[in-house]
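A.B. asks: Sequence and computational prediction follow.
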Amino acid sequence: MRVRVASRFVAIVTVALLLPIFVHAEPKKKVYNNSADQVFNAALRTARERHVVTYVDEKTLMFAFETGRSMTSEGFVANASVEPEGDNKATLIINVQTKKGFSWGAGSRMTDKFYEQVADELAGDPKQRSAVKSTEKAIAVPDPKAVPAEPSMTASPSLVPVSAASSSAKGTVTVSSMPDGADVYVDDNFVGNAPATLKLLPGKHTVKVQQDGYKAWTKDVSVFADSEANLKASLSK
């Protein structure tokens, strides 16, 4: 009887500890009573001022950025997109992925902070929190700041998030690992954790899969337009 009670207690504690790990992986949304272009420009300025922007697609209102390390995480890779909800309303969607290990909710907190910073940008005062945070009220927008010109891919021209890539010009590479969840790099650039589906420009690319305690797995792959390839990395200790 005592063994069953102890086992149940351990299971409950384990689930409670793991909950923060999975929560941060869910995309988060924030509605602003501003136009889609205004929200996109404000979010892009926020990312450029505080993080490293790695991808920008102004036509589809999407961009990606990476954060630095903190006391609670190794940093994050985030994809952001803006969806118009009307003439003066838009939704900012952010999907955060931990670069390495667990973040214990730091990704979710970073996203919430990012939403506040975007509201500050919309209000024209990034140094002081805006008095208006509720989506029920529109945030007054001053004369728009010019968004600095920047190449669509600042980190590497060969890497494009799946949601933003054009399938007619790029090939698809699906990467899985054993054990699951290993870090995936393409041409020495971190792109996420396995399993991962990548859109790559035609040409030769080096895919590396690694995880702490295991030997790194490397594979050179030739990508063609509209091609599909599946890579299975079995890591050995």
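C.D. replies: That came through fine. Since the model is a prediction, treat every value here as computed from it, not as a measurement.
A.B. asks: pLDDT below threshold where in this structure?
C.D. replies: Under the criterion pLDDT under 70, the flagged ranges of the chain are 1-26, 69-74, 99-105, 125-168.
A.B. asks: could you say which helix or strand contains Leu44?
C.D. replies: helix 36-50 (DSSP states H and E).
A.B. asks: buried sites along that helix?
C.D. replies: Ala36, Gln38, Val39, Phe40, Asn41, Ala42, Ala43, Leu44, Arg45, Thr46, Ala47, Arg48 (16 or more other Cβ atoms under 10 Å). In this view, the C-beta of every residue, glycine as well, is placed from N, C-alpha and C.
A.B. asks: One more: stretch 107-114?
C.D. replies: In stretch 107-114, counting by 16+ other Cβ under 10 Å, buried: Gly107, Ser108, Met110, Thr111, Phe114.
A.B. asks: now Asn34: how far from Val118?
C.D. replies: According to Cβ to Cβ, to the nearest Å, Asn34 stands 10 Å off from Val118.
A.B. asks: More neighbours: these two, which one.
C.D. replies: Val118 (28 against 23; other Cβ atoms under 10 Å).
A.B. asks: Where does the more buried one sit: helix, strand or coil?
C.D. replies: When classified by DSSP: H, G, I helix; E, B strand; the rest coil, Val118 comes out as helix.
A.B. asks: now do Thr54
C.D. replies: Under three-state DSSP, the three-state class of Thr54 is strand.
A.B. asks: hang on, it packs against Ala64?
C.D. replies: Yes: assessed by Cβ atoms under 8 Å, Thr54 is found in contact with Ala64 at 5.0 Å.
A.B. asks: Looking at those two, which one has more neighbours?
C.D. replies: Ala64 (26 against 23).
A.B. asks: Regarding that one, what is its secondary structure?
C.D. replies: strand.
A.B. asks: what sits opposite it in the beta ladder?
C.D. replies: Applying DSSP bridges to Ala64 yields these beta-bridge partners: Tyr55, Asn79.
A.B. asks: domain assignment for this structure?
C.D. replies: Using automatic domain parsing, the domain parsing of the chain gives 22-123, 159-234.
A.B. asks: which of the ones you listed sits most buried?
C.D. replies: domain 22-123 (a mean of 19; mean count of other Cβ atoms under 10 Å).
A.B. asks: quick one, strands of the chain?
C.D. replies: 28-32, 52-57, 62-66, 76-86, 89-98, 159-160, 171-178, 183-186, 189-193, 196-200, 203-210, 217-223, 228-234 (DSSP state E).
A.B. asks: rewinding a little: out of the buried residues of stretch 107-114, which comes closest to Asn230?
C.D. replies: Gly107 (28.3 Å; Cβ to Cβ).
A.B. asks: roughly how far apart are that closest one and Lys30?
C.D. replies: Distance of Gly107 to Lys30, given as Cβ to Cβ: 15 Å.
A.B. asks: again with Val191
C.D. replies: From Val191 to Lys30 the distance is 25 Å (Cβ to Cβ).
A.B. asks: Check Phe114 too.
C.D. replies: Phe114 is 9 Å from Lys30, where distance means Cβ to Cβ.
A.B. asks: Now do the shared contacts for these two.
C.D. replies: Shared contacts of Phe114 and Lys30, defined by Cβ atoms under 8 Å, 6 or more residues apart in numbering, comprise Ile94.
A.B. asks: That's all I had, so thanks and see you.
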